[in-house]
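Okay, structure incoming, though there's no sequence with it:
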């Protein structure tokens, strides 16, 4: 097969050369007191991230997630000391009708580090959830997902995962919903930051 980045022959969808040429930025934002860390500049991985609308998208997201989290935990090794018994990894929009969840693919990569991924713990009660990605940044800021939290009481904390942070509106609403339900968000992780 050919690498989707450079078209060279490769056993991977994204070859080692293309992966090594991606620079990690580990950008940080804050929503309330929650730190949001992103591995890549959106401008650098845009073409790969747009693959989420293709048949190969899930495999590309998995590859990028594995590479990004490896470097993330090298940079922030203290985060591996989090109490994993009472901490869930929760993906935003983990259940989409007729598609796979990009955020869930990223969340699955946390399993390699001993974290428990909890599916469908954060569900949008509104009908626009499946089309949220089609809204402009200003429309996203005003649109509400009205998240409902469904999480086993043994989890009193979580790591929130999304694929891209643009305005931060989705993560803000998710953090609010989790905090109201008594779940502390230790940090949020996104694959890319649209500011860069």
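Looks like it came in fine. Quick caveat: nothing in here was measured; it's all calculated off a predicted structure.

Now do the same contact list for the most centrally placed residue in the chain.
The residue lying closest to the centre of the chain (Cα atoms, centre = their mean) is residue 162, at 2.6 Å. Contacts for residue 162 (Cβ atoms under 8 Å, 6 or more residues apart in numbering) come out as 91, 92, 93, 103, 106, 170, 171, 174, 188, 189, 190. Glycine gets a C-beta too; all of them are placed from N, C-alpha and C.

how near is it to residue 24?
17 Å (Cβ to Cβ, to the nearest Å).

Past the lowest-mean-pLDDT helix or strand in the chain, which element shows up next along the chain?
Within the chain, no helix or strand scores below helix 137-142, which has a mean of 61 by mean pLDDT, DSSP states H and E. Next along the chain after helix 137-142, taking DSSP states H and E as the criterion, comes strand 147-149.

Does anything pack onto that following strand? Which helices or strands?
strand 122-124, helix 169-180 (3 or more Cβ pairs under 8 Å, 6 or more residues apart in numbering; DSSP states H and E).

Check which helices and strands the last one sits against.
To tie it back to what came earlier, the one meant is helix 169-180. Checking 3+ Cβ pairs under 8 Å, 6+ apart, helix 169-180 ends up next to strand 27-31, strand 34-41, strand 122-124, helix 137-142, strand 147-149, strand 157-165, strand 184-193.

Kindly recompute the last result at 10 Å.
strand 27-31, strand 34-41, strand 87-91, strand 122-124, helix 137-142, strand 147-149, strand 157-165, strand 184-193 (3 or more Cβ pairs under 10 Å, 6 or more residues apart in numbering; DSSP states H and E).

ditto for the first one
Under the contact criterion of 3+ Cβ pairs under 10 Å, 6+ apart, strand 122-124 touches strand 87-91, strand 147-149, helix 169-180.

if you compare these, which one is most tucked away?
Highest mean neighbour count among those (mean count of other Cβ atoms under 10 Å): strand 87-91, with a mean of 25.

Any stretches of this protein with poor pLDDT?
Regions of the chain meeting the criterion pLDDT under 70 cover residues 94-100, 126-145.

Could you rerun that using 80?
Where the chain drops to pLDDT under 80, the residues are 52-55, 93-100, 124-146.

Which strands or helices does the top helix by length along it pack on?
Scanning the chain for the helix with the most residues, using DSSP state H, yields helix 57-75. Judged by 3+ Cβ pairs under 10 Å, 6+ apart, the packing partners of helix 57-75 are helix 16-21, strand 34-41, helix 42-49, helix 102-108, strand 157-165, strand 184-193.
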